[in-house]
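Asker: sequence first, predicted model second:
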Amino acid sequence: MKPLTFDILKKIPHQLGRAGVLTTPHGSIETPAFIVVGTKATVKALTPVQLKEIGVQAILANTYHLYLEPGDEIIKDSGGLHAFMHWDRPAMTDSGGFQVFSLGDAFGAGVSKFAHEVGESNKPKIYDKDFSLEQARLAHIDEEGVTFTSHIDGSVHRFTPERSIEIQHNIGADIMFVFDECTSPMAPYDYQKEAMERTHQWAKRSLKAHLFSNSRELENKQKVRQALFGIVQGGRHLDLRKVSAQYLGVMDFDGFGIGGSFTKKDLDATLALVNGILPSEKPRHLLGIGEPSDLFEGVEHGVDLFDCVAPTRIARTGMLYTSHGKINILNAQFVRDFTQISESCVCYTCSNYTRAYIAHLFRSREMLGATLASIHNLYFIVNVVNDIRQSIFSGTFFECKENFLRKYQHGG
RNA sequence: GCGUCGGUGGCGGAGUUGGUCAAUCGCAGCAGACUGUAAAUCUGCCGGGCUUAGCCCUACGGGGGUUCAAAUCCCUCCCGGCGCA
């Protein structure tokens, strides 16, 4: 039996995009879908009840963080991630692969999921000439795996593909990801290639470890309920992306993640290429990307699942989505603004509170501000994707995209 | 009234063996950033003006003085705390 079934219900004509239903042991996910990030087995500032009220279909937790605290054994002994955090809908775990990047190459370097075009400098946070980023970084990579220095207490830990899978089995999410290496967009071509090849070897090892564990579980007559996604890498180079999609696409994964860092310019081309190669009957998850405009591009080019920290992270610093673009609620102009955050939004926050009130909460550092802002931003993003889904069924994807972006990007 | 300590930028509070002081730092304020969460975080600005990695004004209760040079020393006045009458 498979841990996952994926039914494609409707396609965007002449495009890779589609709408479907992904069914997991904890229920189904209507795709395309926005998966909410809950790194440490909690979506920051929100309760599961609030998440459900928003319409969140699934959450994504993180192997590295949960391994460090509270420890995957504790989660296992508590009955697994779902029981531990009281979340009964689908859940996924990222492998810790992204931390290879964020605690490694990206450490202190000011780089992230999106590379900026030339002209916008990525200013390193550390200017001291004698300061070695190489020494300061918290992750060191070799062929076998990655050695991490805990960002919490400085203790040293070792992740390999096999170890990541073992930890993810303990955590027990419905969908897991292979342990991969996410490279910096600044890295040279040769390194991107080397890292991609290493990621491919790790994918094989992850899959093997997963299947081996599964076969043992089956002998014990326990039902295997976890799915595993491979992760396509290749940085910003289309030739590498092609190789990666071809290499992983034929492997026995339940679905695929698309990882790495992009520029706004090369996201489209990369997705079109990769999703044109990956087997169409399996779900594809664009890892870590989810600004509104990215969602339209992603769906158009065949992405089924997204996750992104942006809506919750920026919410906690007072940045809110509106149909006319983002606003910083801390700006002076909102102090006496008694309208709702985003016109015609029917989320709990917009239904009951004014911009002036949210501004007051943020200015006085009241924690409810983070909660109300997170509710709004998640509702906004989740429903952008819901609207996209509906537009696929009604055959109006491009009208939907144009209408949304015209208002969102130009304030019209 | 006498004595004593103190009056610094919106606030708190450094600086008072004179120069490297438009003045540490914190708060408040004004902006910016954030895309598989080292993030309820981080960055910049924050007396005025300009051709803003720099320059020019006005500034450390008011006034006067000493000095090449004063927030820092002296005189005087005003205000506040405390003590004594």
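Answerer: Right, received. Where do you want to start? Numbers count the residues shown, from 1 in each chain, chains lettered A, B, ... in the order given.
Asker: ranges for the helices of the stretch 101-250 of chain A?
Answerer: Ranges of helices within the stretch 101-250 of chain A are A:133-136, A:161-171, A:189-219, A:238-249, based on DSSP state H, counting those that start in this stretch.
Asker: give me whichever of these is most buried.
Answerer: Of the helices of the stretch 101-250 of chain A, the one with the most neighbours on average (mean count of other C-beta atoms under 10 Å) is helix A:161-171, at a mean of 23. Backbone N, C-alpha and C define where each C-beta goes, glycine included.
Asker: report the helix or strand with the lowest average pLDDT across chain A.
Answerer: Within chain A, no helix or strand scores below helix A:133-136, which has a mean of 63 by mean pLDDT, DSSP states H and E.
Asker: can you count the residues close to the residue nearest to A:His140 when sequence neighbours are not counted?
Answerer: Once flanking residues are discounted, A:His140 sits nearest to A:Thr147: 4.9 Å by C-beta to C-beta, 6 or more residues apart in numbering. Neighbour count of A:Thr147, defined by other C-beta atoms under 10 Å: 14.
Asker: contacting residues for A:Thr147?
Answerer: By C-beta atoms under 8 Å, 6 or more residues apart in numbering, the contact list for A:Thr147 reads A:Ala139, A:His140, A:Val156, A:His157, A:Arg158, A:Phe159.
Asker: just the ones of those in strands?
Answerer: Counting by DSSP state E, these place A:Ala139, A:His140, A:Val156, A:His157, A:Arg158, A:Phe159 in strands.
Asker: of those residues, buried ones?
Answerer: With burial judged by 16 or more other C-beta atoms under 10 Å, the buried subset of the ones in strands among the contacts of A:Thr147 is A:Ala139, A:Phe159.
Asker: can you tell me how far the residue nearest to A:His140 sits from A:Thr199?
Answerer: A:Thr147 sits at a distance of 17 Å from A:Thr199 (criterion: C-beta to C-beta, to the nearest Å).
Asker: enumerate the residues of the stretch 1-150 of chain A near RNA strand B.
Answerer: With C-beta under 7 Å from any atom of the strand as the criterion, the stretch 1-150 of chain A comes near RNA strand B at residues A:37, A:39, A:43-44, A:60, A:62, A:65, A:94-95, A:97-99, A:101-103, A:107-108, A:112-114, A:125, A:136, A:138.
Asker: these, buried ones only, as a PyMOL selection?
Answerer: Listed next is the PyMOL selection for buried residues among those, using 16+ other C-beta under 10 Å:
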select buried, chain A and resi 37+39+43+44+60+62+65+94+95+97+98+99+101+102+103+107+113+114+138
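Asker: stretch A:400-412 and RNA strand B, any residue contact?
Answerer: No: for stretch A:400-412, no contact with RNA strand B is found by C-beta under 7 Å from any atom of the strand; the gap never falls below 12.2 Å.
Asker: ok, and what's touching that stretch?
Answerer: With C-beta under 8 Å, 6+ apart as the test, stretch A:400-412 has contacts from A:Pro292, A:Ser293, A:Phe296, A:Glu300, A:Ser323, A:His324, A:Gly325, A:Val384, A:Asp387, A:Ile388, A:Gln390, A:Ser391.
Asker: among those residues, which ones are in strands?
Answerer: Per DSSP E, strands hold the following members of the contacts of stretch A:400-412: A:Gly325.
Asker: out of the contacts of stretch A:400-412, who's nearest RNA strand B?
Answerer: Nearest to RNA strand B among the contacts of stretch A:400-412 is A:Ser293, at 7.8 Å by C-beta to the nearest atom of the strand.
Asker: just for chain A, where's the confidence low?
Answerer: Of all residues in chain A, those with pLDDT under 70 make up the ranges A:1, A:116-135, A:216-224, A:411-412.
Asker: kindly recompute the last result at 50.
Answerer: The model of chain A has pLDDT under 50 over residues A:118-131, A:412.
Asker: domains of it?
Answerer: Annotated domains of chain A cover A:5-308, A:316-412 [automatic domain parsing].
Asker: tell me which of these is the most buried.
Answerer: Greatest burial across the domains of chain A, using mean count of other C-beta under 10 Å, falls to domain A:5-308, with a mean of 19.
Asker: span of that domain from start to end?
Answerer: For domain A:5-308, the first-to-last residue distance is 24 Å (C-alpha to C-alpha, to the nearest Å).
Asker: residues touching the residue of the stretch 201-350 of chain A found nearest RNA strand B, list them.
Answerer: Here the residue of the stretch 201-350 of chain A nearest RNA strand B is A:Gly288; by C-beta to the nearest atom of the strand that distance is 2.1 Å. For A:Gly288, the contact set (C-beta under 8 Å, 6+ apart) comprises A:Phe98, A:Lys113, A:Gly259, A:Asp307, A:Cys308, A:Val309.
Asker: helix, strand, or coil at it?
Answerer: coil (DSSP: H, G, I helix; E, B strand; the rest coil).
Asker: before we move on, the earlier item: and the contacts of stretch A:400-412 as CSV, adding distance to RNA strand B?
Answerer: Below are these laid out as CSV (distance: C-beta to the nearest atom of the strand, whole Å):
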residue, distance to RNA strand B
A:Pro292, 9
A:Ser293, 8
A:Phe296, 12
A:Glu300, 15
A:Ser323, 18
A:His324, 14
A:Gly325, 11
A:Val384, 13
A:Asp387, 18
A:Ile388, 15
A:Gln390, 22
A:Ser391, 21
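Asker: mind checking what secondary structure A:Thr23 has?
Answerer: Secondary structure, three-state DSSP: A:Thr23 is strand.
Asker: report the separation between the residue nearest to it when sequence neighbours are not counted and A:Ser28.
Answerer: Using C-beta to C-beta, 6+ apart and skipping the chain neighbours, the partner closest in space to A:Thr23 is A:Thr5 (4.6 Å). As defined by C-beta to C-beta, A:Thr5 lies at a distance of 9 Å from A:Ser28.
Asker: again with A:Lys326
Answerer: Separation of A:Lys326 from A:Ser28 (C-beta to C-beta): 31 Å.
Asker: same thing with A:Ile59?
Answerer: Applying C-beta to C-beta, the value for A:Ile59 to A:Ser28 is 15 Å.
Asker: in a strand, A:Gly20, correct?
Answerer: Yes: counting by three-state DSSP, A:Gly20 is found in a strand.
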